[in-house]
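In: Just the structure for this:
(one chain, ligands or ions: 2)
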Amino acid sequence: MTTDQTIESVESIESVESGGSASAAASGASATERFAADKSPFESVKDTPPERVDTLAKRVLSAVYDTIREEKVTYDEFNALKAWLIQVGKDGEWPLFLDVWVEHEVEKVATEHREGNKGTIEGPYYVPDAPEQGATGTIPMRDGESGTPLTWTGRVSSTDGTELAGAKVELWHADADGFYSQFAPGIPEWNLRGSFTVGDDGAFEIHTIRPAPYQIPTDGSCGKLIAAAGWHAWRPAHLHVKVSAPGHELLTAQLYFPGDEHNDDDIASAVKPELVLSPVDAGDGTVSVDYGFVLDPVRG
Ligand code: MBD
Ligand code: FE
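Out: Ligands and ions are numbered 1, 2, ... in the order given. Prediction:
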């Protein structure tokens, strides 16, 4: 019995390190906690007329009714759905579920008028107010952080070509094991999260590491759906950014690396060709890339 317990605890430590069980529990719960702490989602729609709510609720329900009728959904399947939905909440995986399978369409509709940079989904792991590094700097990381060093240069400009002095590039990404600080245990608070504020020329130079491809947590309800449907849980390696400047629309995007096998079948459907970088191997074990941002002025 003592031996069994020892084996079990060793396994659970290993699964924390290799991306297993700790990540759904910890990441899901922290993403839910953070989102729930923010009261603005309800605040910003408090004046929505009942007609709008009526339309949206009826259209979603009618899509559900169509599926039930056309697919002849059984009581067993209905009860499995009920049990699964309850479990998604218990696992704290509503942010994960919605960001992986729904956000991409909301993002497309919200940004279709833009002439500047393409964006994509935010995902569940953004944290505001990351430490400021200036226009040129290194993102906070641990001593000996693993992963290929990446030097990223670029400029922030407006759609008319003017450089946007004072623009801010907020960058966050997973480490070489696919973990995000503040959502997986044992990582320093601001690891691989930083803000870079550009100078008068709109230019920035960011030093970081190349993140690894990322598997969404497989041990919770989202993982159960993925397994039951025969899907995979992978997202391509990606860098998350929010780029902002006075008088301009906030750009939320992710940048990807060419040749990643999941660029074409991202579980979160968030890759766009305009967001794939063209990194250059510097020949000394580091990689450099140039990629800038064009922001749309706020109109009207
Ligand atoms: C991520 O890192 C992510 O970017 C998305 C969209 C969903 C889950 C984890
Ligand atoms: Fe991500």
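In: so where's the chain shaky on pLDDT?
Out: The chain contains residues with pLDDT under 70 at 1-26.
In: Check it and tell me which residue is nearest its centre.
Out: Nearest to the mean C-alpha position of the chain, by CA atoms, centre = their mean, lies Gly123 at 3.0 Å.
In: Skipping adjacent residues, who's closest to that one in space?
Out: Take Gly123 and drop its neighbours on the chain: the residue closest to it by CB to CB, 6 or more residues apart in numbering is Asp99, 5.0 Å away. The way it works is simple: take the backbone N, C-alpha and C, and place the C-beta from them, glycine included.
In: In this structure, what residue lies closest to ligand 1?
Out: Proximity of the chain to ligand 1 (CB to the nearest ligand atom) peaks at Gly123, 3.0 Å away.
In: Surely that residue touches His240?
Out: Yes. Counting by CB atoms under 8 Å, Gly123 does reach His240; the two are 6.6 Å apart.
In: where do the contact lists of the two overlap?
Out: Common neighbours of Gly123 and His240, counting by CB atoms under 8 Å, 6 or more residues apart in numbering, are Gln254.
In: what's around Ile226, how many residues?
Out: A count of nearby residues for Ile226, using other CB atoms under 10 Å, gives 19.
In: Same check on Pro246?
Out: 10.
In: Does anything pack onto the longest strand belonging to the chain? Which helices or strands?
Out: Assignment by DSSP state E gives strand 149-158 as the longest strand of the chain. Packing contacts for strand 149-158, counted by 3 or more CB pairs under 8 Å, 6 or more residues apart in numbering; DSSP states H and E, involve strand 203-209, strand 287-290, strand 293-295.
In: deepest of those strands, which one?
Out: strand 293-295 (a mean of 22; mean count of other CB atoms under 10 Å).
In: Return the list of helices and strands in contact with it.
Out: Taking 3+ CB pairs under 8 Å, 6+ apart as contact, the helices and strands that strand 293-295 lies on are strand 149-158, strand 238-244, strand 251-256.
In: Now do the residue nearest to the centre of the chain against Lys90, distance only.
Out: Gly123 is 21 Å from Lys90, where distance means CB to CB, to the nearest Å.
In: same question, Ile121
Out: In terms of CB to CB, Ile121 sits 24 Å off from Lys90.
In: Comparing those two, which residue is more hemmed in?
Out: Neighbours of Ile121 and Lys90, each counted by other CB under 10 Å, are more numerous for Ile121; the result is 22 against 11.
In: and the closest residue to the more buried one other than its chain neighbours, what is it in contact with?
Out: Nearest non-adjacent residue to Ile121, counting by CB to CB, 6+ apart: Glu103, 4.3 Å away. Contact analysis of Glu103 by CB under 8 Å, 6+ apart lists Ile121, Glu122, Gly123, Ala268, Ala270.
In: what's the farthest-apart pair in the residues you listed?
Out: Pairwise distances across the contacts of Glu103 peak at 10.7 Å for Glu122 and Ala268 (criterion: CB to CB).
In: Give me the common contacts of these two.
Out: Asp99, Glu103.
In: Could you point out the longest helix of this structure?
Out: Scanning the chain for the longest helix, with DSSP state H as the assignment, gives helix 50-71.
In: Can you give the contact residues for that helix?
Out: Residues outside helix 50-71 that contact it (CB under 8 Å, 6+ apart) are Val73.
In: Let's see that with 6 Å instead.
Out: Residues outside helix 50-71 that contact it (CB atoms under 6 Å, 6 or more residues apart in numbering): none.
In: May I have it exported as CSV, CA atoms only?
Out: Provided in CSV are the C-alpha atoms of helix 50-71 (Å, rounded to 0.1, in the frame of the first residue of the first chain):
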residue,chain,number,x,y,z
PRO,A,50,-35.2,42.3,-24.7
GLU,A,51,-35.8,42.0,-28.5
ARG,A,52,-32.0,41.4,-29.0
VAL,A,53,-31.9,38.8,-26.2
ASP,A,54,-35.0,37.1,-27.6
THR,A,55,-33.5,36.9,-31.1
LEU,A,56,-30.2,35.5,-29.9
ALA,A,57,-31.7,33.0,-27.5
LYS,A,58,-34.2,31.7,-30.0
ARG,A,59,-31.7,31.3,-32.7
VAL,A,60,-29.3,29.3,-30.6
LEU,A,61,-32.2,27.1,-29.3
SER,A,62,-33.5,26.6,-32.8
ALA,A,63,-30.1,25.4,-34.0
VAL,A,64,-30.2,22.9,-31.1
TYR,A,65,-33.7,21.8,-32.1
ASP,A,66,-32.7,21.3,-35.7
THR,A,67,-29.8,19.1,-34.5
ILE,A,68,-32.0,17.0,-32.3
ARG,A,69,-34.6,16.5,-35.0
GLU,A,70,-32.3,15.9,-37.9
GLU,A,71,-29.9,13.6,-35.9
